[in-house]
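would you be able to build a 3D model of this:
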Amino acid sequence: MVSRISELVIDRADPERLAAFWSEALGYVELSREDDGSIEIGPATPGFGGPQPTLVLSPSSDPRRGKLRLHIDVNPVDRDQDAELERLLALGARPADVGQTGAESWHTLADPEGNEFCLLRTRLQPL
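Numbering: from 1, shown residues only. You can find the predicted model right below:
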């Protein structure tokens, strides 16, 4: 028996704003809201427990310190990397410099709160 990742919980200053960004970026929908202000987003079907992990955006006032030790990688599914890059930038992502050389096959971006993620080149099949 093994385990698998079912959800990623991410502390955010503005869960509402980040839920909107990541829902649009990943094609996710809002699954639930908690009294503490947390918002869970994920695939519309089957939602939690499916093959893709959900994201729980939890409110936090703790300031971020330094480079993230864990980040999200995303891949385009219905367009090439350049077209997906333009779409993510239009949603509010911005280029991020974390020391890359410029020879990488991926783009390092930051979401609207400055949390880094990478857009990889390989196009994946939709689920």
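
per-domain residue ranges of this structure.
Domains of the chain are assigned by automatic domain parsing as 1-60, 68-127.

give the buried residues for the helix or strand of the chain with the lowest mean pLDDT.
Lowest by mean pLDDT, DSSP states H and E among the helices and strands of the chain is strand 7-12, with a mean of 91. For strand 7-12, a neighbour-count test (16 or more other Cβ atoms under 10 Å) marks 7, 10, 12 as buried. C-beta: built from backbone N, CA, C; applies to glycine.

report the strands that pair with that strand, each with its relative direction.
Neighbouring strands of strand 7-12 in its sheet, by DSSP bridges, are strand 54-59 (parallel).

name the residues of the partner strand that are buried.
The neighbour-count check on strand 54-59 (16+ other Cβ under 10 Å) flags 54-58 as buried.

not counting it itself, show me its contacts.
Where contact means Cβ atoms under 8 Å, 6 or more residues apart in numbering, the residues beyond strand 54-59 that reach it are 6-15, 18-19, 22, 26, 28, 31, 36-43, 47-48.

quick one, which of these are buried?
Taking 16+ other Cβ under 10 Å as the criterion, what is buried in the contacts of strand 54-59 is 7, 10, 12, 15, 18-19, 22, 26, 28, 31, 38-43, 47.

list the ones among the residues you listed that fall in strands.
Assignment to strands by DSSP state E places the following of those there: 7, 10, 12, 31, 39-42.

would you convert those residues into a markdown table that also reports distance to L127?
Below are these laid out as a markdown table (distance: Cβ to Cβ, whole Å):
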| residue | distance to L127 |
| --- | --- |
| E7 | 16 |
| I10 | 21 |
| R12 | 25 |
| L31 | 16 |
| I39 | 22 |
| E40 | 18 |
| I41 | 15 |
| G42 | 12 |
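
kindly indicate which of the residues you listed lies nearest L70.
I10 (9.1 Å; Cβ to Cβ).

roughly how far apart are the residue nearest to that closest one when sequence neighbours are not counted and L120?
Sequence neighbours aside, L57 is the residue nearest to I10 in space, at 5.7 Å (criterion: Cβ to Cβ, 6 or more residues apart in numbering). Using Cβ to Cβ, to the nearest Å, we find L57 at a distance of 22 Å from L120.
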